[in-house]
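A.B. asks: fold the stuff below for me.
(2 chains)
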Amino acid sequence: MQKVVRAKRNQRGSAISEMAPALFLLLVVAVFPVLDLIFDGLGYCAVVTLNNLQLREAVRVPKSQAIDPNGAVQLGIPNNWRASAFGGLAPLMADPVTEVSYDVVAGNAMLTISTTVSVRPLLVVPFFPNVPGLSAPMPFTITTSRILENPGFLNY
Amino acid sequence: MKKRKNSRRPLRKWSALVPNSKGQSLIEVMLGLLIIIPIGLAAVDIVVLTQASQNNEELAETAARAASTKGNEASATNAVQQIVQRVTLNNVVQDVQIDDVKYDLGKGMVSVSLIMTVKVPIPFPNFNTISCRADAIQPIVSTPAPR
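C.D. replies: This next block holds a predicted model:
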């Protein structure tokens, strides 16, 4: 009876020896990608907020100010946004690129503003190469339109 | 020797009575995945629906704003149609229809209702296409305000 018991392998250490590869897989395959996806979503929301702020300002200023690269729409608001806590949730690879265009729809002056950013992933997971949001920057382009508050702003 | 044979018998019987639990983890994982995966897929659908609904609200607001600059109901409806025609349809947003345009000069308000047909990316039974309705009201700015 005693010999049989001694011949059996002691498995008490198996749990701790399995923990290292299990923890590695859990972090690399599950935790880090999920964290990246969460912060990708937060970055998207932050960029949508930036685009909305730019749109609200652009519809109430003359065209000359809205298309000015050094004006409030294309420079001031993005700089303030990046300095804010919400803008900090979207670590950018470069400055946001803003495109402003105008057209006339149903007799109304319509402004369209596109904001393009490239958000760096929070944690780069090297085992998934060139996947946007996980190991490569995630590009976002948000485009919105709104009618100008004053149609006369289209002309100056 | 005879005594030794008898001493082994109880051990065999005891091991035979112990249930084999090797497949338990696999069954638990499978059942867990059966619950977790549909929840994750439904979450994707809800995000898409929320986004589409918000876009529909903004579209209705823009359409009402365009209609508010017109002088009568026919031109207001035409303005709303032109705004709706600008919408780019895709795999998610299947269609946008004008449900109602009310141009009320007495109240000085124009109201627009739009219905957006949204196809969820991951269809579930009886949950394939959803209609989102959005209403927007704007004051009429083409005529003097009522006193």
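
A.B. asks: what is the neighbour count of the closest residue to A:Asn155 other than its chain neighbours?
C.D. replies: Spatially, and ignoring its direct neighbours in sequence, A:Asn155 is nearest to A:Lys63 (7.4 Å; CB to CB, 6 or more residues apart in numbering or on different chains). Quick note: C-beta positions are derived from backbone N, CA and C, even for glycine. Residues near A:Lys63, counting by other CB atoms under 10 Å in any protein chain shown, number 18.

A.B. asks: helix/strand/coil for A:Pro121?
C.D. replies: Judged by DSSP: H, G, I helix; E, B strand; the rest coil, the three-state class of A:Pro121 is coil.

A.B. asks: for A:Arg60, which three-state class applies?
C.D. replies: coil.

A.B. asks: was I right about it contacting A:Arg146?
C.D. replies: No. Judged on CB atoms under 8 Å, A:Arg60 makes no contact with A:Arg146 at a distance of 9.9 Å.

A.B. asks: what's the neighbour count on the residue in chain B that chain A sits nearest to?
C.D. replies: Nearest residue of chain B to chain A, counting by CB to the nearest CB: B:Ala79, 3.7 Å away. Counted with other CB under 10 Å, the neighbours of B:Ala79 add up to 26.

A.B. asks: wait, what's in contact with B:Val118?
C.D. replies: Residues in contact with B:Val118, defined by CB atoms under 8 Å, 6 or more residues apart in numbering or on different chains, are B:Val48, B:Leu49, B:Ala52, B:Ser53, B:Val92, B:Val93, B:Gln94, B:Thr129, B:Ile130, B:Ser131, B:Cys132.

A.B. asks: okay, the second one: pLDDT?
C.D. replies: Think B:Leu49. At B:Leu49, the model reports a pLDDT of 93.

A.B. asks: before we move on, what SS does it have?
C.D. replies: Per three-state DSSP, the local secondary structure of B:Leu49 is helix.

A.B. asks: of the contacts of B:Val118, which belong to helices?
C.D. replies: B:Val48, B:Leu49, B:Ala52, B:Ser53 (DSSP state H).

A.B. asks: neighbour-wise, which of these leads?
C.D. replies: Neighbour counts for the ones in helices among the contacts of B:Val118, by other CB under 10 Å, peak at B:Ala52, which reaches 20 neighbours.

A.B. asks: fine by me, we can end here.
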